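In: 3D, please:
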Amino acid sequence: MVTLLLAFRLSTLFLLLAAGAIAVDPDGAAAPDTAAAPDTEAAALLRLKASLIDPTNALEAWSPSSPSPPCDETHRWPRVQCYNGVLIGLRLARLNLSGDFDFAALSRLPGLHSINLIRNNFSGPLPASLAAVRSLRALYLSRNAFSGPVPGDVFAAMSWLKKLYLDRNDFSGELPAGAIAGAPRLQELHLDHNRIEGRVPSKLPATLRLFNVSHNRLTGVLPEAVAARFNESAFAGNPRPVRRALGAAPARAPPARPAPGNTPMPPDVGRPLLSPSPGRTSVFVGHGIHHARRPPRCRGHGAHGPAGRGDQHRVVGGGVGGVGGARKQVAEFVLMSNAAGEFGLPELMKASAEVLGNGTLGSAYKAAMRNGVTVAVKRMRDMNRVGRAEFEEHIRMLGELRHPNVLSPVGYHYRKEEKLIVSEFMPRGSLLYVLHGNNRM
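Out: Residues are numbered from 1 along each chain as shown. Coordinates of the predicted model:
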């Protein structure tokens, strides 16, 4: 048993050090071809920080005295997402931030593609400076207290915008129908659970595939062209129900997705980000856990998982149990930290994965999810003799390790016949790359 545990730790250490040779842009777009200088990125983040109220000091490391730029490979600033040394995303969800978010501070960052402010305490109208961040592909503002009308400038100025999440705020007034219709690349628009009035726009972008205006104050007849494209759940919950036009066939589109505050950010629909090519083995992580295909459900972690590390653990997966009886854990995924990004078991199952290597206890993969999150996954399929309590104790111990060359796990999946350990993915972080660089043997 001692040999098995030692092999487990060494194999897991391989996972935490493993990395592939290719990084992935969060929205599947081409890598940024222009970049701000590192000092410009630092200045932008420091200016942004000055506009925020940060009661938990989550951004304390954003400091002018920092010895490294934000996207330094060895000392990256927290809550930033980088690609080839370029700042491409800000992950500021669930930090209790408030204040007047200074979007204008980010206007000189042409590589910035994504901003995530889900579950903070921002309020008031959306700042006019938002339109200055023209490079954005994805903007997640769910579960704040933004109010006032939805500004048309958001759609008119940000021509690269693909995903906009404004759900569960306090927006009111009518939708800027003309601006929405003219958005050239918009794919996802979530406006549910606000106080929006008026009618559903008769014209929506041809690129739009996810649209949700449920639980607002909309009225009137649903335009036939819109009714044919989207499921009725996208319009449900309005006090004077939006009526489908006579003769309009029910849409065959999938139902509106839940807000990302309830589940991880939704994946894109389409081909995998990585496809088979010479020299690369491409698989799907979901092939190994197909029995776990249950609707996602999140709750507090409770007593089943390892000790916390500052982030609230969430169990993503299904469970069954009789009334009054003990709950049986089925196909659950425990998210210990959102350091790598927001995701759950459904996203992980659909991820395309490049094989990084094979060890004594299983295989390691680079898993690229459709929502832009890339992680390293270790399948511990040869550890079936290890029970849940013992497995989670090892996860807890790994989570307490502190070393510059070791990444703590961000999540895990446990079933008797399948065990996954998930960590952040570090491009060019493997021993192979350190020894040989791009000259693979």
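
In: how about stretch 218-232 as CSV, C-alpha atoms only?
Out: The C-alpha trace of stretch 218-232 is given here as CSV (Å, rounded to 0.1, in the frame of the first residue of the first chain):
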residue,chain,number,x,y,z
LEU,A,218,-42.2,42.0,-21.8
THR,A,219,-45.5,42.0,-23.5
GLY,A,220,-47.0,41.6,-26.9
VAL,A,221,-46.9,39.1,-29.7
LEU,A,222,-43.7,37.2,-30.2
PRO,A,223,-42.4,37.8,-33.8
GLU,A,224,-42.8,34.7,-35.9
ALA,A,225,-39.1,34.8,-37.1
VAL,A,226,-38.0,34.9,-33.4
ALA,A,227,-40.4,32.2,-32.3
ALA,A,228,-39.2,29.9,-35.0
ARG,A,229,-35.6,30.1,-33.7
PHE,A,230,-35.8,29.9,-29.9
ASN,A,231,-37.6,27.7,-27.4
GLU,A,232,-40.5,29.0,-25.4
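
In: buried ones in it?
Out: For stretch 218-232, the neighbour count (16 or more other CB atoms under 10 Å) marks 218, 222, 223, 226, 227, 228, 229, 230, 231, 232 as buried. Yep, even glycine has a C-beta here, placed from its N, CA and C like the rest.

In: Check stretch 45-65 too.
Out: Buried residues in stretch 45-65 (16+ other CB under 10 Å): 45, 46, 48, 49, 51, 52, 54, 58, 59, 62.

In: which residues are in contact with that stretch?
Out: The contact list for stretch 45-65 (CB atoms under 8 Å, 6 or more residues apart in numbering) reads 42, 70, 77-80, 87, 95-102, 105-106.

In: Endpoints of it, how far apart?
Out: Taking CA to CA, to the nearest Å as the measure, stretch 45-65 stretches 13 Å from start to finish.

In: Over to stretch 194-209?
Out: OK, stretch 194-209 end separation, CA to CA: 20 Å.

In: if we can go back for a sec, any chance of the buried residues of stretch 45-65 in TSV, plus distance to residue 366, secondary structure and pLDDT?
Out: Shown next, in TSV, are these (distance: CB to CB, whole Å; DSSP: H, G, I helix; E, B strand; the rest coil; pLDDT from 0 to 100):
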residue	distance to residue 366	secondary structure	pLDDT
45	28	helix	97
46	33	helix	97
48	31	helix	97
49	32	helix	97
51	36	coil	96
52	33	strand	97
54	33	coil	97
58	28	coil	96
59	29	coil	97
62	28	coil	96
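
In: hang on, the earlier thing: in strands, which of the contacts of stretch 45-65 fall?
Out: 80, 87, 98, 99 (DSSP state E).

In: Now for the nearest residue to the third one once chain neighbours are set aside: which residues touch it?
Out: If you skip the residues right next to it in sequence, residue 98 has residue 121 as its closest partner in space, 4.1 Å away by CB to CB, 6 or more residues apart in numbering. Shown in contact with residue 121 (CB under 8 Å, 6+ apart): 96, 97, 98, 144, 145.

In: and the gap between the second one and residue 88?
Out: Think residue 97. 20 Å (CB to CB, to the nearest Å).

In: more neighbours, the two?
Out: More crowded of residue 97 and residue 88, by other CB atoms under 10 Å: residue 88, with 26 against 23.

In: Correct me if wrong: that one contacts residue 110.
Out: No. Residue 88 lies out of contact with residue 110 (CB atoms under 8 Å); the separation is 10.1 Å.

In: Outline the domain layout of this protein.
Out: As given by automatic domain parsing, the domain ranges for the chain are 25-244, 273-436.

In: Go through these and find the least confident stretch.
Out: With a mean of 59, domain 273-436 has the lowest mean pLDDT of these.

In: can you map out the helices along this structure?
Out: For the chain, applying DSSP state H gives helices covering 2-17, 38-50, 153-157, 177-181, 224-227, 345-350, 388-400, 431-436.

In: same for the third one, what does it pack against?
Out: The one in question is helix 153-157. Here helix 153-157 touches helix 177-181, going by 3 or more CB pairs under 8 Å, 6 or more residues apart in numbering; DSSP states H and E.

In: Can you show me the CA trace of the helix it packs on as PDB?
Out: Below are the C-alpha coordinates for helix 177-181, written out as PDB (Å, rounded to 0.1, in the frame of the first residue of the first chain):
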ATOM      1  CA  ALA A 177     -33.600  46.600 -30.800                       C
ATOM      2  CA  GLY A 178     -31.600  48.300 -33.600                       C
ATOM      3  CA  ALA A 179     -28.300  47.900 -31.900                       C
ATOM      4  CA  ILE A 180     -28.900  44.300 -31.000                       C
ATOM      5  CA  ALA A 181     -29.900  43.500 -34.600                       C
END
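
In: Name whatever forms a beta bridge with residue 418.
Out: For residue 418, the beta-bridge partners are residue 415 (DSSP bridges).

In: Run a quick neighbour tally on it.
Out: Counted with other CB under 10 Å, residue 418 comes out at 18.

In: Use 52 as the first number from now on
Out: Fine by me, first position is 52 from now on; the one you just mentioned is residue 469.

In: right, and it touches residue 430 too?
Out: Yes. With contacts defined as CB under 8 Å, residue 469 counts as touching residue 430 at a distance of 7.4 Å.

In: Residue 136 - how many residues pack around it?
Out: 15.

In: ok, for it, nearest residue in space, not its chain neighbours?
Out: Leaving aside its sequence neighbours, residue 136 sits nearest to residue 122 (CB to CB, 6+ apart; 5.0 Å).

In: Wait, the one you found touches residue 141, no?
Out: No. Using CB under 8 Å, residue 122 is not in contact with residue 141, being 12.0 Å away.

In: list residues touching both of the two?
Out: Joint contacts of residue 122 and residue 141 (CB under 8 Å, 6+ apart) are residue 131.

In: Look up which residues are beta-bridged to residue 132.
Out: Residue 132 has these beta-bridge partners by DSSP bridges: residue 140.

In: give me the number of residues near it?
Out: When neighbours are defined as other CB under 10 Å, residue 132 has 22 of them.

In: how near is it to residue 257?
Out: 29 Å.

In: just residue 467 next, same as before
Out: Distance, residue 467 to residue 257, by CB to CB: 47 Å.

In: cool, and residue 233?
Out: For residue 233, the distance to residue 257 equals 11 Å [CB to CB].
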